[in-house]
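J.: Quick one: sequence plus predicted model below, questions after.
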2 protein chains.
Amino acid sequence: MTVTLKDIARQVGVSVTTVSRALAGYNDVAAGTRQRIQEAAAELGYSPNITAQRLQKRRTDTLGFIMPTFGPRFSDPFFSEFIAGIGNEAAAHDYDLLVSTHAPDSQGEQKAYQRAVKRGWVDGLIVVRTRENDARIKLLHEHHFPFVVFGRTNDALDYPYVDEDSEAGMRLLVQHFIDLGHRRIGLITSPPGLMFGRYRLQSFHDTMGDNGLPIQPEWIVEGALTQRSGAEAAGQLLALDPRPTAIIGGNDLMAIGAINRIQQIGLKAGQDIAVGGFDDVPSAAYMSPPLTTLHQPIYKIGRDTCAMLIDLINGRLPTTTHILLTPSLIIRASSGQSIL
Amino acid sequence: MTVTLKDIARQVGVSVTTVSRALAGYNDVAAGTRQRIQEAAAELGYSPNITAQRLQKRRTDTLGFIMPTFGPRFSDPFFSEFIAGIGNEAAAHDYDLLVSTHAPDSQGEQKAYQRAVKRGWVDGLIVVRTRENDARIKLLHEHHFPFVVFGRTNDALDYPYVDEDSEAGMRLLVQHFIDLGHRRIGLITSPPGLMFGRYRLQSFHDTMGDNGLPIQPEWIVEGALTQRSGAEAAGQLLALDPRPTAIIGGNDLMAIGAINRIQQIGLKAGQDIAVGGFDDVPSAAYMSPPLTTLHQPIYKIGRDTCAMLIDLINGRLPTTTHILLTPSLIIRASSGQSIL
DNA sequence: ACCATCTTCCAAAACGTTTTGGAAGATGAG
DNA sequence: CTCATCTTCCAAAACGTTTTGGAAGATGGT
């Protein structure tokens, strides 16, 4: 069937050892012998079996990425860009990328992490969308398994991570709206338990407070990170009396949903109601109105996270294991003009 | 370090064989012995090493998906939804999914396919975005390697595929515009060499011809499947005199870019210029105006493709290996009213 | 002619699992 | 008591590779 070292050995009339060492470039093989072996290998079309190499080397040269997906069918531009980032970086270092989709805290997710930790499934893991009391991180940490996280947790554990400074981001956005004269600002939050939502919500409170502005509880509505849920949440906010003059989406997808709902009831986003988002997804700049948002360099974050993990796996401690990136506020038409 | 069969065998005082067979549930193990083995396994926290199992079984239980990406940094909602589809289906059958990103026809891509074919990298491959004279398909076909394709090629080769009927889709969309009274219709095509672009272009020509409508060469502009390129191409179309009254994007991303450019120069998409796209990406319904487009059930296509591949790998010939899905036209505000 | 040193090769072990082909002892039928 | 049949176990081989620890023969210096 497929060609093995044994086949070459038989054809050339040497031992498997010699074939292996000849092809690996050791210098204890006579030039002529090596020549004949190389020719035979080329002729037979030999390529070493990956699984056998992995067993022998006790490493898989594979990285794992377990995507936490809400609901079976889902689509989030964040993930394709992030995968492109880690995928390219991994490929550059000759690592494979194993991708698995599982609902957060589901049995399937737990099994996947167990396989990594106990069964030599992959050499390291990339963890995203941190949760409060994140069981994944506890597990990996106590098994001393190599991993890097995009996000932080509320544990006291020390582990390498890359994160965006959600607090700073939200502060920029809220202050921007306040400076434009807004006083009643609605917020569409992400599902509970997600750390980044927690930081953003906290910062929303803080920034409003620092400006001496009270917050009505009904200004804060929960969404599910999708356009549809953003539209629904916006519907609730727009039904308030008085209604908010600005709406912040916990991510761009929800902000896009909000804009849609605003137009639907006959108002103009960016004129009657200001809107802002988080992420700067590719479509954000092409909406009408274009969406004011906080730019996160997702692709770069993916690359950096992956590079850090590879260093970790190979025992090269990264110089810094805690990276906090400040998102930059991209002001576009959806935040409108001053209403003062 | 990690626990192996040997460790359990030593602790219980039996052979490795017996441990293996006890845990695998064979009935040639005494009840008491099995009990002690199971307890020891639980106590030591044993889980079988995946790589060793794979070597022994000569199968990886892993599927490969090599994403053809244009440019290093990229983001296409098509891929995240497609990955979710194949990922979930794969997980349901206990298969892993290996994802690799490579530029089309690049060296890296070729190497990846070689690894699959010759080195036991994965048990099967999913191929997408077929190209003219697609080298990937020729390679896989001549090596009798299990694979399923999303898309068709111009080869005479027989292989299993799932595809959307681009010709039917384009016909629906063009006819829709013609019925609304449009006579000058611009088309933003995908990069050359991509089969789906070829079908769409051909069908564009055919449908216009069938309606007795001539096509000016300058109505057809090439894009790169991104919002930005769609905006640029639309810019060219809008500069024509007389300019087209309708613009079709080769995919939704380019249609979204076109809408953006239309608004930018002070015209109203869906009123002054009709716009249509392909794919029905999640954002399409939330644009303003919402985008008329051809809905492709990407998630389902991913699942079906993957299911077919798994059948193939396990020697269960799927009943049908050629599936052609007709996209449905979703009419939204961007196609506007009749202009007659 | 003898010993030391190179050069070239390979058998065996190892990675951790599953499968094959018995073997030893217990049980039961006659 | 004898032979056949179960029950329970295991040594060895296998998957395909890499590494270890020599061994045999060639070379060269004296």
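T.: Nice, I can see it.
J.: distance of A:Thr319 from A:Val127?
T.: Remark: distance between A:Thr319 and A:Val127 (Cβ to Cβ, to the nearest Å) = 21 Å. (C-beta placed from N, C-alpha, C; glycine too.)
J.: With neighbour numbers in mind, choose between these two.
T.: Ranked by neighbour count (other Cβ atoms under 10 Å in any protein chain shown), A:Thr319 and A:Val127 place A:Val127 first, with 25 against 7.
J.: That one looks like it's in a helix, true?
T.: No. Looking at A:Val127 with DSSP: H, G, I helix; E, B strand; the rest coil, it is strand, so not inside a helix.
J.: residues in contact with it?
T.: A:Val127 sits next to A:66, A:134, A:136-137, A:140, A:147-151 when contact means Cβ atoms under 8 Å, 6 or more residues apart in numbering or on different chains.
J.: can you give me the strands for the stretch 151-300 of chain A?
T.: Assigned by DSSP state E, counting those that start in this stretch, the stretch 151-300 of chain A shows strands spanning A:161-164, A:185-189, A:220-222, A:246-249, A:274-279, A:292-295.
J.: how about the strands in the stretch 1-150 of chain A?
T.: With DSSP E, counting those that start in this stretch, the ranges of strands along the stretch 1-150 of chain A come out as A:62-68, A:96-102, A:124-128, A:147-150.
J.: now those as a markdown table including mean pLDDT and distance to B:Asp163?
T.: Shown next, in a markdown table, are the strands of the stretch 1-150 of chain A (pLDDT from 0 to 100; distance: least, Cβ to Cβ, whole Å):
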| stretch | mean pLDDT | distance to B:Asp163 |
| --- | --- | --- |
| strand A:62-68 | 96 | 26 |
| strand A:96-102 | 95 | 24 |
| strand A:124-128 | 98 | 33 |
| strand A:147-150 | 98 | 35 |
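J.: Which one of the ones you listed lies nearest to A:Asp7?
T.: Closest of the strands of the stretch 1-150 of chain A to A:Asp7 is strand A:96-102, at 26.0 Å (criterion: Cβ to Cβ).
J.: Please point out which parts of the closest one sit buried.
T.: Along strand A:96-102, these residues count as buried under the neighbour rule (16 or more other Cβ atoms under 10 Å in any protein chain shown): A:96-102.
J.: Which other helices and strands does that strand contact?
T.: Strand A:96-102 sits against strand A:62-68, helix A:77-92, helix A:107-118, helix B:77-92, strand B:96-102, with contacts defined as 3 or more Cβ pairs under 8 Å, 6 or more residues apart in numbering or on different chains; DSSP states H and E.
J.: The second one near chain B at all?
T.: When you say that, I think you mean helix A:77-92. Yes. Using Cβ under 8 Å from any Cβ of the partner chain, helix A:77-92 reaches chain B at A:77, A:79-81, A:83-85, A:87-88, A:91.
J.: Same list, the helices and strands packed on strand A:96-102, but as TSV with distance to DNA strand C please.
T.: Below are these laid out as TSV (distance: least, Cβ to the nearest atom of the strand, whole Å):
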stretch	distance to DNA strand C
strand A:62-68	16
helix A:77-92	24
helix A:107-118	10
helix B:77-92	20
strand B:96-102	17
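J.: so what's A:Leu340 up against?
T.: Contact analysis of A:Leu340 by Cβ under 8 Å, 6+ apart lists A:180-181.
J.: actually A:Arg34, not the one I typed
T.: A:Arg34 makes contacts with A:Ala22, as judged by Cβ under 8 Å, 6+ apart.
J.: so what pLDDT did it get?
T.: In this model, A:Arg34 is scored at 97, pLDDT.
J.: And it, how far from A:Val12?
T.: In terms of Cβ to Cβ, A:Arg34 sits 10 Å off from A:Val12.
J.: A:Tyr26 now?
T.: The spacing between A:Tyr26 and A:Val12, counted by Cβ to Cβ, is 16 Å.
J.: Looking at these two, which has the bigger crowd around it?
T.: For the pair A:Tyr26 and A:Val12, the greater number of neighbours falls to A:Val12 (18 against 12), based on other Cβ under 10 Å.
J.: Now do the helices in the stretch 151-300 of chain A.
T.: A:166-179, A:195-210, A:227-238, A:252-264, A:298-313 (DSSP state H, counting those that start in this stretch).
J.: Dump the shortest one to PDB, keeping only the CA atoms.
T.: By that I understand helix A:227-238. Taking C-alpha atoms only, helix A:227-238 is exported to PDB below (Å, rounded to 0.1, in the frame of the first residue of the first chain):
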ATOM      1  CA  GLN A 227     -27.500  40.800  14.900                       C
ATOM      2  CA  ARG A 228     -31.000  39.500  15.600                       C
ATOM      3  CA  SER A 229     -30.600  39.700  19.400                       C
ATOM      4  CA  GLY A 230     -29.200  43.200  18.900                       C
ATOM      5  CA  ALA A 231     -32.200  44.300  17.000                       C
ATOM      6  CA  GLU A 232     -34.500  42.900  19.700                       C
ATOM      7  CA  ALA A 233     -32.700  44.500  22.500                       C
ATOM      8  CA  ALA A 234     -32.700  47.800  20.600                       C
ATOM      9  CA  GLY A 235     -36.400  47.400  20.200                       C
ATOM     10  CA  GLN A 236     -36.800  47.300  24.000                       C
ATOM     11  CA  LEU A 237     -34.600  50.300  24.400                       C
ATOM     12  CA  LEU A 238     -36.400  52.300  21.800                       C
END
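J.: close to chain B, is it?
T.: Yes. Counting by Cβ under 8 Å from any Cβ, chain B is contacted by helix A:227-238 at A:227, A:231.
J.: mean confidence for that helix?
T.: Helix A:227-238 carries an average pLDDT of 98.
J.: same check, this time on the second one
T.: Mean pLDDT, taken over the full extent of helix A:195-210, equals 97.
J.: for the last one, same thing?
T.: Mean pLDDT, computed over helix A:298-313, is 95.
J.: Quick one: name whatever helix or strand follows that helix.
T.: strand A:322-325 (DSSP states H and E).
J.: List the neighbouring strands of that next one plus their orientation.
T.: Strand A:322-325 has the following sheet partners, assigned by DSSP bridges: strand A:161-164 (parallel).
J.: Run through who's touching the partner strand.
T.: With Cβ under 8 Å, 6+ apart as the criterion, strand A:161-164 contacts A:148-152, A:196, A:296, A:301, A:304-305, A:308, A:321-327.
J.: Please identify the buried residues of that strand?
T.: A:161-164.
J.: Surely A:Ala284 and A:Gln296 touch.
T.: No. Assessed by Cβ atoms under 8 Å, A:Ala284 is found out of contact with A:Gln296, at 11.0 Å.
J.: Out of those two, name the residue with the larger neighbour count.
T.: More crowded of A:Ala284 and A:Gln296, by other Cβ under 10 Å: A:Ala284, with 25 against 22.
J.: give me every residue that touches that one.
T.: A:252, A:255-256, A:277, A:290-291, A:293, A:330, A:332 are the contacts of A:Ala284 under Cβ under 8 Å, 6+ apart.
J.: can you rerun that using 6 Å?
T.: A:Ala284 is in contact with A:252, A:291, A:293, counting by Cβ atoms under 6 Å, 6 or more residues apart in numbering or on different chains.
J.: Of the residues you listed, which is the nearest to chain B?
T.: A:Asp252 (9.5 Å; Cβ to the nearest Cβ).
J.: I'd like the distance between the closest one and B:His295.
T.: Distance from A:Asp252 to B:His295, by Cβ to Cβ: 22 Å.
J.: quick one: which of these two has more around it?
T.: A:Asp252 (28 against 17).
J.: returning to what we had before: what's the most buried one of the strands of the stretch 151-300 of chain A?
T.: strand A:246-249 (a mean of 30; mean count of other Cβ atoms under 10 Å in any protein chain shown).
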